[in-house]
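Student: Provided below are the primary sequence and the corresponding predicted coordinates.
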Amino acid sequence: MTALKLLHPLIALAAAPLLPGVINRTKALFAGRTGQPVLQLYYDLWKLLRKGAVYSRSTTWIFRLGPMIGISVALLALTILPFGGLPAAIRFEGDLILFAYLFGLARFFTIVMALDTGSSFEGMGAAREATFSTLCEPALLIGLAAITKYTGSVSLSQMFSSLRFSDWGQAGPAFILVGSALLIVFLTENSRMPIDDPNTHLELTMIHEVMILDHSGPDLALILYAAALKLWLLGTLLIGIVVPVHSGHPALDVLIAVLCMALLAVLVGIIESSMARIRLLHVPALLIGATTLSVLALVLTAR
Amino acid sequence: MNNIADTIMIFLVLTNLALLGVSRLGTCIRIVALQGAVLGLLPLVSSGGHVEWHLYFFSAVVVGFKGMVFPWLLRRTLKEVKAQREIEPFIGYGTSIALGTAVFVLCMWLSSRLPLPKEPPSMLIVPVAFFTIMSGLFLIISRKKALTQVLGYLVMENGIYTFGAAIVERQPVLVELGILLDVFVAVFVMGIAMFHIHREFDHIDTDQLSRLRT
């Protein structure tokens, strides 16, 4: 049983860097290129881990602490999130609030370490990240509250295991609303296309990328790995709610969940290839829209 | 919530909220057209299985008017007055959406206190009808362009239509067609009025019209 509980963290640790690879491959396919290998992030991480780190004289210990906090938070979140039919290693009442605020903690340290460098570009990115994530949080929490209200459980494990496909017939509209809100949260939190462009090379337009400009070597590797894990975590949350598969076979459930993750990555790739980045000024409207969808879902389920 | 009527109601709420957050007038017209067309299907759904031929006829007329004729008239006016977007509304788009959500919650509460003569086909119909009327009213008072205000008027009419579908067992077709004709004439006249305002003053911002007499 203990081994089964550790299975999801192990799968996630091994497979999370695949997601950015799949996204990049999809984008390359749309652009008519061959694109980088699917395993590119593994090569990058391996390369970065063998390098030394350079620290600016103006930085303090906060700058070095940031990446470690980021990765530990991701590891902690992995232990409370069930995946497919696999149970979470730790479960307790209200762990979904811990889940949401673990990301808050990681974000706080990312912002603080960006400010710590004293670079004005990084300060700009930090300000944007703070603004957007503040608007993102109500969408995530109210969306989760809607599902909580529907299933009557305040624990992620219980919530996931009590959802069935038949719920779609009963509360289909609410599920579609929560699903869309969580997709927007997923894209925002992972700094994906309509909100942030992961490929941009201009500091003025970056949000997430600009905050890690001064990191190098193993620190950068930790940040990239934590970002991949975050993609995996929020993706798991999304597909756990939208695709509640309970076939009875644990192995089959895991297989389907992994497949859904791959499909989600392809979907993100398609969104990134077919949409332009929206203007920074219009991002808050989108996020308020996501919150509205969540509120609607909550009102529908609370009726 | 289990039937198609509920889905139509949710769609109505989403179109209302989209209207509150969109600045392009062309997109606004398209959203109102979509809303009207989907509303036209409501009598078919809410009659509960037994559908008579005159309901089909009525549905087709409503979809035709609200989904095609009104948007066509408004788009023609839009082309003439050369206004592309609402520049500075009295209340911003983000705030509008947030207020809209709050009003929707209020409508839910309000309708839960309201005794109804009979069970409506969907429990959402009454709150959504209220919300649609409110958002139409909100569009009229918070936007400056005359065209957006006409759209607000149409949305309000949609809300009243929805409310009628909830309350009345079967409306006489003659009355419904009469209302539709009235709305048609209203949109027609408002289009002409907008054209004249534009020709006289080179804009259709209604907040500046209040200074006419001075």
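Tutor: Received it, and whenever you're ready, just let me know what you need.
Student: the helices in chain B, which residues?
Tutor: For chain B, the helices defined by DSSP state H cover B:4-21, B:25-40, B:42-46, B:53-64, B:70-81, B:93-112, B:125-142, B:146-167, B:173-201.
Student: please name the residues that touch the most centrally placed residue in chain B.
Tutor: Closest to where the C-alpha atoms of chain B average out (C-alpha atoms, centre = their mean) is B:Val155, at 1.4 Å. If a contact means C-beta atoms under 8 Å, 6 or more residues apart in numbering or on different chains, then B:Val155 has B:16, B:19, B:32, B:35, B:132, B:135-136, B:139 as its contacts. No exception for glycine: its C-beta is placed from N, CA and C like everyone else's.
Student: so the helix ranked longest in chain A versus helix B:93-112, what angle?
Tutor: Longest helix in chain A, counting residues (DSSP H): helix A:120-151. Counting by axes from the mean of the first three to the mean of the last three C-alpha atoms, to 10 degrees, helix A:120-151 points 10 degrees away from the direction of helix B:93-112.
Student: give the buried residues for helix A:120-151.
Tutor: Along helix A:120-151, these residues count as buried under the neighbour rule (16 or more other C-beta atoms under 10 Å in any protein chain shown): A:121-126, A:128-129, A:132-133, A:135-151.
Student: next: stretch A:21-30.
Tutor: By neighbour count on 16+ other C-beta under 10 Å, the buried set for stretch A:21-30 is A:21-27.
Student: what two of those are the furthest from one another?
Tutor: When the buried residues of stretch A:21-30 are compared pair by pair using C-beta to C-beta, the two farthest from each other are A:Gly21 and A:Lys27, 10.9 Å apart.
Student: for whichever residue of the stretch 1-150 of chain A sits closest to chain B, what are its contacts?
Tutor: With C-beta to the nearest C-beta as the measure, A:Leu135 is the residue of the stretch 1-150 of chain A nearest to chain B, at 9.2 Å. With contacts defined as C-beta under 8 Å, 6+ apart, the neighbours of A:Leu135 are A:284, A:287-288, A:291.
Student: and the pLDDT for it?
Tutor: Among the per-residue scores, A:Leu135 shows a pLDDT of 90.
Student: same question, the one 3 residues further on
Tutor: A:Pro138 carries a pLDDT score of 92 in this model.
Student: by mean pLDDT, flag the weakest helix or strand of chain B.
Tutor: Among the helical and strand segments of chain B, the one scoring lowest on mean pLDDT, DSSP states H and E is helix B:42-46, with a mean of 75.
Student: do that helix and chain A come into contact?
Tutor: No. When contact is scored as C-beta under 8 Å from any C-beta of the partner chain, no part of helix B:42-46 falls within range of chain A; the minimum is 14.4 Å.
Student: which parts of chain B sit against chain A?
Tutor: Checking chain B against chain A by C-beta under 8 Å from any C-beta, the hits are B:1-2, B:6-7, B:10, B:13-14, B:17, B:21, B:93-94, B:97-98, B:100-101, B:104-105, B:108, B:123-124.
Student: restrict those to the buried ones and give me that as a PyMOL selection.
Tutor: Typed into PyMOL, the line below selects the buried ones among the residues of chain B next to chain A, using 16+ other C-beta under 10 Å:
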select buried, chain B and resi 1+6+7+10+13+14+17+21+93+94+97+98+100+101+104+105+108+123+124
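Student: pretty sure B:Arg75 contacts B:Gly26?
Tutor: Yes. When contacts are counted by C-beta atoms under 8 Å, B:Arg75 is listed as touching B:Gly26 (7.3 Å).
Student: which residues are in contact with both of these two?
Tutor: Overlap between the contact sets of B:Arg75 and B:Gly26, as judged by C-beta under 8 Å, 6+ apart, is nil.
Student: show the contacting residues for A:Ile111.
Tutor: For A:Ile111, counting by C-beta under 8 Å, 6+ apart, the contacting residues are A:126, A:129-130, A:211.
Student: tell me which two in these are the farthest apart.
Tutor: A:Ala130 and A:Met211, at 10.5 Å, using C-beta to C-beta across those.
Student: burial of B:Arg113, as a residue count?
Tutor: Counted by other C-beta atoms under 10 Å in any protein chain shown, the residues lying close to B:Arg113 total 6.
Student: all helices for the stretch 1-150 of chain A, in order.
Tutor: Using DSSP state H, counting those that start in this stretch, the helices of the stretch 1-150 of chain A run over A:2-15, A:18-31, A:40-50, A:61-80, A:95-116, A:120-151.
Student: this completes my enquiry, with thanks.
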